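*Asks:* Let's see this in three dimensions:
(one chain, ligands or ions: 1)
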Amino acid sequence: MSQDWSPGGDHEAFTQWALENGVVANGVTPARFPGRGLGMRATRKIKRGEAVVQVPTSVILTLASVPETFRSKFPEGTGTQAMMAAFLTHGDEEQLEKYQLWFKTWPPRQDFEETLPLLWPRELGGLAWPDSSAASNAGLASLPNFLPPCISGRWNTISPGPRTKKYESVHQNLMAEQERRLRKSWESVISVLPDTDWRSFSYYWLILNTRSFYWVEADQEPPEDRNDAMALLPFADYFNHSDIEVIPGQCDVKFDSNEYTLRATEDYNEGDEVYMSYGSHPNDFLLAEYGFYLDKSSSDCVYLDDIIFRDLSSPDKQEELSLNQYYGEYRVHADGVCYRTEVAASLVYMEEEDWRNHVLEGSTKGMDVKKLTAVIGGWLQTYITEAEATIKSIEEAEETNAVIQAHHAKAQSLRRRWAQIKNICETALKEISL
Ligand SMILES: C[S@@+](CC[C@H](N)C(=O)[O-])C[C@H]1O[C@@H](n2cnc3c(N)ncnc32)[C@H](O)[C@@H]1O
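*Replies:* This is a model prediction of the structure:
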């Protein structure tokens, strides 16, 4: 009789294929974990640092696996993800034959539609795509915003402060960046292969987004855009994420021209789920990019930039922050706010000259802890008010809106995420008030 964690026939057949093709599984096997799909289960005690999976480069799927005759159709500068997703959509059966058992283990498109906000209905913050009933995203701004601001860039209770400078942020306004990347890939592919099917292409693009590993060919320099350094690794793509702290110098993943090696970053007992860390990502990033978030995570945080720039809206003050390398990326963790946030808060109440001397030379003239706490406390309270208003509006929509009712699990997931956000801000508020 099969146990409840048993992965099922397709996964067993694929595992057999992987082992026959040189993949080494050292104490781990694919298994089902409720709420996480497939993952890796320890078949014995595992010690931190042990190599648990090794994948030979002969079976990994990289841009180099895409035949030159296919790649050469695309203009220079076309992204790796776009070309690989196009190959998976169009590549001839013979070329892809050897991977068929692997492809059967991947989640269906329906799973992405359930879990990834960018494919959700517009009422829940999703976007218009070529297969949507809505032709464009016009009118989105008039709907209530249920997604966290780090994902949607939108707020219900405030207008974000202006940004007079550009800066790179990996964890804010996530959906706009995802949309930009996916649309760019789509446009470059249909310009070359106009008969490409959107649903297949976007499926493989999302498979690459959620299952790929960092990879650079042995003889090549790392590309400027990290997204161009990707490969799909059969079998290794079963690992689920946990917020494990990777000890510096003890890499959990390593590759060379022969193989990709994944090491355990913790001790495990037989029957435990063995995780890998996808990176120190806040929950909003995990939700937007991977379609899940963690109940507890020391990497979780939210950003105050939109709130802070309301109080520091003048171009002069923004110039001051920028010149001193303190422009943007203002984080709140449950244990308080980051130093950048404190520096920005000081600029609200200090004379500019005192602030500059403080930032550049450590002068304490003009500093006032009470005023600092009041400014930061006000910012955190603004976020808490937003969380409370959004939770209320999700609850109301669950009573009154048929679309939200039909997508109850998604609405509940957002409601729980907003409760986490409120808790982060409240805990941080207590910390700074001590
Ligand atoms: C690399 S795959 C891992 C294998 C995947 N669970 C499966 O069933 O094929 C990444 C995807 O697994 C899921 N996932 C990873 N870690 C998770 C976690 N801690 N909790 C819930 N889902 C998780 C998410 O759907 C994510 O997009």
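*Asks:* and the closest residue to D368 other than its chain neighbours, how many neighbours?
*Replies:* Closest residue to D368 apart from its sequence neighbours, by C-beta to C-beta, 6 or more residues apart in numbering: Y349 at 6.7 Å. The C-beta positions use only the backbone N, C-alpha and C, and glycine is treated the same way. Y349 has 17 neighbouring residues, counting by other C-beta atoms under 10 Å.
*Asks:* Y349: what's it in contact with?
*Replies:* Each residue near Y349 by C-beta atoms under 8 Å, 6 or more residues apart in numbering is listed here: 368, 371-372, 375.
*Asks:* Can you tell me the SS state at the residue of the stretch 301-434 of the chain found nearest the ligand?
*Replies:* Minimum separation of the stretch 301-434 of the chain from the ligand (C-beta to the nearest ligand atom) falls at S413, amounting to 11.2 Å. The assignment at S413 comes out as helix when based on DSSP: H, G, I helix; E, B strand; the rest coil.
*Asks:* follow-up on the earlier one: so which of the contacts of Y349 are also by the ligand?
*Replies:* Counting by C-beta under 6 Å from any ligand atom, nothing from those sits close to the ligand.
*Asks:* For those, which single residue is the most surrounded?
*Replies:* Neighbour max across those (other C-beta under 10 Å) = V375, 20 neighbours.
*Asks:* thinking again about what came up before, I'd like the distance from the residue of the stretch 301-434 of the chain closest to the ligand to T210, if you could.
*Replies:* Distance, S413 to T210, using C-beta to C-beta, to the nearest Å: 17 Å.
*Asks:* Now tell me which helix or strand of this protein has the poorest mean pLDDT.
*Replies:* Least confident element among the helices and strands of the chain, by mean pLDDT, DSSP states H and E: helix 93-96 (a mean of 85).
*Asks:* Is there proximity between the next helix or strand after that helix and the ligand?
*Replies:* The helix or strand immediately downstream of helix 93-96 is helix 100-103, counting by DSSP states H and E. No. Helix 100-103 stays clear of the ligand (C-beta under 6 Å from any ligand atom), getting no nearer than 11.0 Å.
*Asks:* Go through the next helix or strand after helix 100-103 and flag the buried ones.
*Replies:* On the C-terminal side of helix 100-103, the closest following helix or strand by DSSP H and E is helix 109-115. Within helix 109-115, the residues that qualify as buried are 109, 112-115, counting by 16 or more other C-beta atoms under 10 Å.
*Asks:* out of those, who's nearest the ligand?
*Replies:* T115 (5.8 Å).
*Asks:* could you point out where the chain is predicted with low confidence?
*Replies:* Judged by pLDDT under 70, the chain has its weakly predicted residues at 1-3, 135-141, 246-251.
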